[in-house]
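# I'll drop the sequence and a predicted model, then ask my questions.
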Amino acid sequence: MTPEQFRQRGHQMVDWIASYYEKIATYPVLSQVSPGDIRQALPPKPPQSGVAFENVLRDFESAVLPGITHWQSPNFFAYFPANTSGPSILGDLLSSALGVQGMLWATSPACTEMETHVLDWLAGMLGLPPTFLSTGAGGGVIQDSASSATLCAILAARERATNFEVNESGCRQDLVAYTSTQAHSSVEKGVKAAGIGHRNLRLIDVDSAFAMVPEKLDVAIEQDKRAGRIPFFVCATAGTTSSLAFDPLLEIGAVCRKHGVWLHVDAAMAGTAALCPEFRWTLRGLETADSFVFDAHKWMFTNFDCSCFYVADRETLTRALSIVPEYLRNQATESGQVFDYRDWHLPLGRRFRALKLWFVLHHYGVEGLQQHIRRHVEIAQQLLGWIQADPRFEAMAPAPLNLICFRLIGPDGPNEDLLSKLNASGKLYLSHTKLNGKFTLRFCVAQTYTEIQNVQAAWDQIRANV
């Protein structure tokens, strides 16, 4: 493909994307295909010669598009969002065009230094503690997901607790990690992947608001210490997946400092709320944490993957993960004056992910991002009011931000039927969880293009299907 051909096809592709966003609300939000339908629609063998671009796009529309669940639809209210936006798409396009392999500072200085700088910008925008700034002993790095960030925090905590013995001698069975019963599944997966083992993960009970109880964490740690074990890692959550509950970070941090345990804070979606000063209570006590992660690809209009991971002590992280073969040695690294982000996570290779975030921050500005966050919270609170005013429904958890958990009063069956009907309609998409043992519907207002009329239409659908 010559540059001129690329120019022509690129215009076609951008036109297609623009048209897609103009009519995205007309597509069924949840894909309506059955298992195997997409593979049946695809040719059994690859093409032997090149296919015209128009035919590729035509085949995409006929064979692939029916199997897309439209995460960018303004009627997508399931899970947590995976938002994108125009500036993010353009920034990602430019990153793809440059094709940077940013494993070392030396392989593309701008890739590294922009990432460091933009993450320092974000730290200030969110009101993070100064310990997470690169100008001190800490700093930030973009990971592919909060799951990967949590694993890296576990590995760093493991090595700190054992004086880096595990990296040299292999894992040991006396290490213990802790999180709440409401924490994301990535904590358990990370503990398994790090060689700690599921049986060495303690799940701490939560209170009536589904937040971890610090006193019970303290008791669990004390019990393990008396048994000769080594408590090494606690994961607290600022906005749990099921109900957006907020663990009391200040009190949990005090327990961790008392026992010398690494505190990691997972704020995957809700961390973005701290852009607004009135929502920074969600991160109260973060100054006691050793690491912190939030996903710009959830609620900050930046397409996946863009998970922002901060540590207060970058040396511990990089020492746990760094390996320097001869073929990666270079003068800049040896000088100690640069960050080599390959040492901040598991993969060696890395894309220029900071570029799309840089585009987003420039397009919206701090005030523009704050406006969108406040609008989403305001819309969600209107929905909460409608639910509370309808005697058929009950709210199942506190809802201070943009996730509403609710259900029909009564047994689970009607709630399960309601969710199935709603999602099968194609007009909206909700997901579910279980709270206090009850099947609960989750309604998250966080899509880039969601407005009050979308939520009003969704509420009308909900009531019409009861």
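Sure, I can see it. Numbering: from 1, shown residues only.
# what about residue 7, how many neighbours?
Neighbourhood size, residue 7 [other Cβ atoms under 10 Å]: 11. To be clear about C-beta, it is placed using only N, CA and C from the backbone, and glycine gets the same treatment.
# Equivalent analysis for residue 203, please.
15.
# Do I have it right that it meets residue 177?
No - counting by Cβ atoms under 8 Å, residue 203 does not reach residue 177; the two are 10.1 Å apart.
# which SS class is residue 172?
coil (DSSP: H, G, I helix; E, B strand; the rest coil).
# For it, grab the count of nearby residues.
15.
# Skipping its backbone neighbours, what lies nearest it in space?
Closest residue in space to residue 172, ignoring its immediate chain neighbours: residue 166 at 6.5 Å, by Cβ to Cβ, 6 or more residues apart in numbering.
# What does the pLDDT read for that neighbour?
Note on residue 166: pLDDT of 90.
# Quick one: residues in contact with the lowest-mean-pLDDT helix or strand in the chain.
The helix or strand of the chain with the poorest confidence is helix 331-335; it has a mean of 82 (mean pLDDT, DSSP states H and E). With Cβ atoms under 8 Å, 6 or more residues apart in numbering as the contact definition, helix 331-335 has outside contacts at 104, 105, 106, 324, 338, 340.
# one more time with 7 Å
104, 105, 106, 338, 340 (Cβ atoms under 7 Å, 6 or more residues apart in numbering).
# go on, stretch 237-256?
For stretch 237-256, using Cβ under 7 Å, 6+ apart, the contacting residues are 180, 182-184, 209-212, 214, 217-218, 221, 234, 236, 263, 265-271, 282-286, 288-289, 397, 401, 403, 405, 433, 435.
# cool, stretch 166-183 as well?
With contacts defined as Cβ under 7 Å, 6+ apart, stretch 166-183 is touched by 154, 158-159, 161, 187, 191, 195-196, 200-206, 210, 212, 217, 220-221, 224, 228-235, 237, 240, 242, 245, 247, 320.
# let's see 6 Å
Stretch 166-183 is contacted by residues 158-159, 187, 191, 195-196, 200-204, 206, 210, 212, 217, 224, 229-235, 237, 240, 242, 245 when judged by Cβ atoms under 6 Å, 6 or more residues apart in numbering.
# Distance from that stretch to the middle of the chain?
23 Å (Cα atoms, centre = their mean, to the nearest Å).
# same thing with stretch 148-167?
The chain centroid and the centroid of stretch 148-167 are separated by 21 Å, computed with Cα atoms, centre = their mean.
# Over to stretch 405-420?
27 Å.
# buried set for that stretch?
Under the neighbour-count criterion of 16 or more other Cβ atoms under 10 Å, stretch 405-420 has 405, 406, 407, 408, 415, 418, 419 buried.
# Wasn't the first one part of a strand?
The one in question is residue 405. Yes - Residue 405: assigned to a strand according to three-state DSSP.
# so it makes contact with residue 398?
No - assessed by Cβ atoms under 6 Å, residue 405 is found out of contact with residue 398, at 9.0 Å.
# quick one: which of the contacts of stretch 237-256 sit in strands?
Judged by DSSP state E, the contacts of stretch 237-256 include 180, 234, 236, 263, 265, 266, 403, 405, 433, 435 as members of strands.
# Dig out what the last one forms beta bridges with.
Put plainly, it is residue 435. Beta-bridge partners recorded for residue 435 (DSSP bridges): residue 438.
# Next, the contact list for it, please.
By Cβ under 6 Å, 6+ apart, the contact set of residue 435 is 243, 396, 397.
# what would the residues you listed look like in JSON lines with distance to residue 96 and neighbour count?
Output for the contacts of residue 435, formatted as JSON lines (distance: Cβ to Cβ, whole Å; neighbours: other Cβ atoms under 10 Å):
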{"residue": "243", "distance to residue 96": "37", "neighbour count": "23"}
{"residue": "396", "distance to residue 96": "42", "neighbour count": "23"}
{"residue": "397", "distance to residue 96": "40", "neighbour count": "22"}
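# And the strands in the stretch 51-200 of the chain?
Taking DSSP state E, counting those that start in this stretch as the test, the strands found in the stretch 51-200 of the chain are 139-143, 175-180.
# ok, the shortest one: who's next to it in the sheet?
Spelled out, that is strand 139-143. Assessed with DSSP bridges, strand 139-143 is paired to strand 307-311 (antiparallel).
# Not counting the strand it pairs with itself, show me its contacts.
So strand 307-311 is contacted by 132, 138, 140-141, 143, 145-146, 149, 291-296, 317 (Cβ under 6 Å, 6+ apart).
# Those: which two are farthest apart?
Taking Cβ to Cβ as the measure, those span a maximum distance of 20.6 Å, between 138 and 145.
# Who has more neighbours out of those two?
residue 138 (24 against 18).
# so what's that one up against?
131, 132, 311, 312, 314.
# Show me which of these is closest to residue 67.
Proximity of the contacts of residue 138 to residue 67 (Cβ to Cβ) peaks at residue 311, which lies at 39.1 Å.
# how close does the closest one get to residue 72?
Separation of residue 311 from residue 72 (Cβ to Cβ, to the nearest Å) stands at 32 Å.
# If you count surrounding residues, which of the two has more?
Per other Cβ under 10 Å, whichever of residue 311 and residue 72 has more neighbours is residue 311, with 28 against 20.
# Ramachandran coordinates for the residue lying closest to residue 442 once chain neighbours are set aside?
Distances taken as Cβ to Cβ, 6+ apart place residue 431 nearest to residue 442, at 5.1 Å, with adjacent residues excluded. Note on residue 431: backbone dihedrals following degrees, to the nearest 10 are phi -120, psi -180.
# Many thanks, we can stop here.
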